[in-house]
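Colleague: turn this into a model:
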Amino acid sequence: SVLTAYSFQLLATGGRAPYTWTLTSGILPDGLSLTPGGLISGTPTTAAANVSLTFTVTDSSTSPQQSQAFTTMMTVTAQAP
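Modeller: Residues are numbered from 1 along each chain as shown. Predicted structure coming up:
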């Protein structure tokens, strides 16, 4: 909901930790941010319906480095009256 603190940790398995996360398509709703460690957090400031987001996770291997992308939807609802 708008003006409600949000925190979600993206997780990966396989490859070699640590992992680096990037948002490769779409825009997080206003007030939210993504850390390289995969934490989405903040307080949404506006409602956003069905935002499509593509995240890419990359491992720390060097020969070869592995990455995987996935797409998900996010909805921020208006604050309850």
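Colleague: touching, residue 14 and residue 66? I think so.
Modeller: Yes - between residue 14 and residue 66 there is a contact at 7.5 Å, judged by C-beta atoms under 8 Å. Placement of C-beta: from N, CA and C, glycine included.
Colleague: same drill for those two, tell me which one is more crowded.
Modeller: Counted by other C-beta atoms under 10 Å, residue 14 and residue 66 do not tie: residue 66 has more neighbours, with 14 against 10.
Colleague: isn't the more buried one up against residue 58?
Modeller: Yes - taking contacts as C-beta under 8 Å, residue 66 lies within contact range of residue 58: 7.2 Å.
Colleague: could you list the low-pLDDT ranges of this structure?
Modeller: Within the chain, the ranges that satisfy pLDDT under 70 run 80-81.
Colleague: how about a cut-off of 80?
Modeller: Per-residue confidence for the chain (pLDDT under 80) gives these ranges: 79-81.
Colleague: now do the strands in it.
Modeller: Applying DSSP state E to the chain gives strands spanning 6-9, 20-25, 32-34, 39-42, 48-58, 67-76.
Colleague: okay, the angle between the last one and strand 48-58?
Modeller: With axes from the mean of the first three to the mean of the last three C-alpha atoms, to 10 degrees as the basis, strand 67-76 and strand 48-58 are set at 160 degrees to each other.
Colleague: same for strand 67-76, what does it pack against?
Modeller: When contacts are defined as 3 or more C-beta pairs under 8 Å, 6 or more residues apart in numbering; DSSP states H and E, strand 67-76 packs onto strand 48-58.
Colleague: list the buried residues of the strand it packs on.
Modeller: 48, 53, 55, 57, 58 (16 or more other C-beta atoms under 10 Å).
Colleague: contacts for stretch 5-19, please.
Modeller: Stretch 5-19 is contacted from outside by 21, 32, 37-44, 55, 57-61, 66, 68, using C-beta atoms under 8 Å, 6 or more residues apart in numbering.
Colleague: only the C-alpha atoms, please, for it, written as CSV.
Modeller: This file holds the C-alpha atoms of stretch 5-19, laid out as CSV (Å, rounded to 0.1, in the frame of the first residue of the first chain):
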residue,chain,number,x,y,z
ALA,A,5,7.1,0.6,4.5
TYR,A,6,8.1,-2.3,2.2
SER,A,7,11.0,-4.7,2.3
PHE,A,8,11.6,-7.8,0.2
GLN,A,9,14.8,-9.8,-0.3
LEU,A,10,15.4,-11.4,-3.7
LEU,A,11,17.2,-14.8,-3.4
ALA,A,12,19.2,-16.9,-5.8
THR,A,13,20.8,-20.3,-5.6
GLY,A,14,23.5,-22.0,-7.6
GLY,A,15,26.6,-20.4,-9.1
ARG,A,16,29.0,-18.6,-6.8
ALA,A,17,27.9,-16.1,-4.1
PRO,A,18,27.9,-13.2,-3.6
TYR,A,19,25.3,-12.3,-6.2
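Colleague: perfect, I'm done here.
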